[in-house]
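Colleague: build me a model:
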Amino acid sequence: MSALSFQGLNVWFGEGRDHVDAVKNATFKVARGESFGLVGESGSGKSTIMRALTGLAPHWSGQMSVNGRPVGHRRDKTFYKTVQMVFQDPYASLHPRQSVDQTLSETLHLHGFRDIEPRIEKLLEDVGLGPSFRFRYPHQLSGGQRQRVAIARALAPEPSILLLDEPTSALDVSVQAEILNLLTDLRAEHDLTFLMVSHDLAVVAHMCERIAVMQAGDIVEVMSVEDMRAMQPSHPYTAQLLEASLGYSRSGAAG
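Modeller: Numbering: from 1, shown residues only. Next up is the predicted model:
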């Protein structure tokens, strides 16, 4: 059974003259424990697939399922206990007037946990933040620390699936690798499945086993990262993407 399955997914915005087909007939599966990447240029529909899955993009047709359970237009508590999302900009996704403690406490309460205190300590430890960060506010944290808090919040309900929407693109280059390595470690430790959106092929090569390449709402190709590194695409658009990142590809192949 797949962790995630998308069959003929269409997502659109607006009506009449304003109608835009953001995703067209997207079909792919993500195995349990796999890290799967969605790549393509801005506006290709990558993040829209995640938004449809989580209910943030309400206008869709087709079929989506999580661990074999169909996803309807309403999500229940079980869905949000299973699937959590880490957003691109940690500052925008954290409440500026809530301390780290309040952010994590609220999430744990929401999902019915009672042993709040030890869970907060463990979550902070898991993401590489000590107890001294517990009562700080977002403005007192660096970008990397904020993203670690956002990851801790996503882990709080003990999900099996994490959706990663460009989780490092808003961070300094020096911090990006730290966060990616943290996510890799957490995936192994918690047996997580990842669906990751990125425009950076180097990030995807580091994090994922397979990728779906998107162009103007269509999935034009699903390929293994090995084929990507070996520069063996089957679609001309994928070839263009790879050629545009040739500097990465050569160094990636050499590594």
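
Colleague: only C-alpha atoms from now on, for both contacts and neighbour counts.
Modeller: OK.

Colleague: let me see the confidence value for Ser251.
Modeller: Listed pLDDT for Ser251 reads 44.

Colleague: cool, and Tyr248?
Modeller: At Tyr248, pLDDT is 47.

Colleague: just Ala244 next, same as before
Modeller: pLDDT recorded at Ala244 is 86.

Colleague: how far away is it from Glu41?
Modeller: Distance check for Ala244 against Glu41: by C-alpha to C-alpha, to the nearest Å, it reads 11 Å.

Colleague: swap in Met231?
Modeller: Applying C-alpha to C-alpha to Met231 and Glu41 gives a distance of 18 Å.

Colleague: over to Arg75?
Modeller: 29 Å.

Colleague: who has more neighbours out of these two?
Modeller: For Arg75 versus Glu41, the count of surrounding residues by other C-alpha atoms under 10 Å is larger for Glu41: 15 against 12.

Colleague: surely the more buried one forms part of a strand?
Modeller: No. Per DSSP: H, G, I helix; E, B strand; the rest coil, Glu41 lies outside any strand segment and is coil.

Colleague: so it makes contact with Asp218?
Modeller: No. Assessed by C-alpha atoms under 8 Å, Glu41 is found out of contact with Asp218, at 11.8 Å.

Colleague: got any residues that touch both of the two?
Modeller: By C-alpha atoms under 8 Å, 6 or more residues apart in numbering, Glu41 and Asp218 have no common neighbours.

Colleague: how about Trp60: what's its closest non-neighbour residue?
Modeller: Closest residue in space to Trp60, ignoring its immediate chain neighbours: Val11 at 4.3 Å, by C-alpha to C-alpha, 6 or more residues apart in numbering.

Colleague: now do the SS call for the one you found.
Modeller: strand.

Colleague: who is it paired with across the strands?
Modeller: Taking DSSP bridges, one obtains Val23, Trp60 as the residues bridged to Val11.

Colleague: quick check: it touching Ala26?
Modeller: No. Val11 lies out of contact with Ala26 (C-alpha under 8 Å); the separation is 9.2 Å.

Colleague: who's more crowded, those two?
Modeller: The residue with more neighbours, out of Val11 and Ala26, is Val11; 24 against 21, by other C-alpha under 10 Å.

Colleague: now do the same contact list for that one.
Modeller: 21-24, 48-49, 52, 57, 59-61.

Colleague: one more time with 6 Å, if that's ok
Modeller: By C-alpha atoms under 6 Å, 6 or more residues apart in numbering, the residues touching Val11 are 22-23, 59-60.

Colleague: please apply the same query to Val66.
Modeller: 3-4.

Colleague: switch the cut-off to 8 Å
Modeller: 2-5, 79.

Colleague: let's see the distance spanning stretch 152-166 from one end to the other.
Modeller: Per C-alpha to C-alpha, stretch 152-166 runs 17 Å from first to last residue.

Colleague: many thanks, we can stop here.
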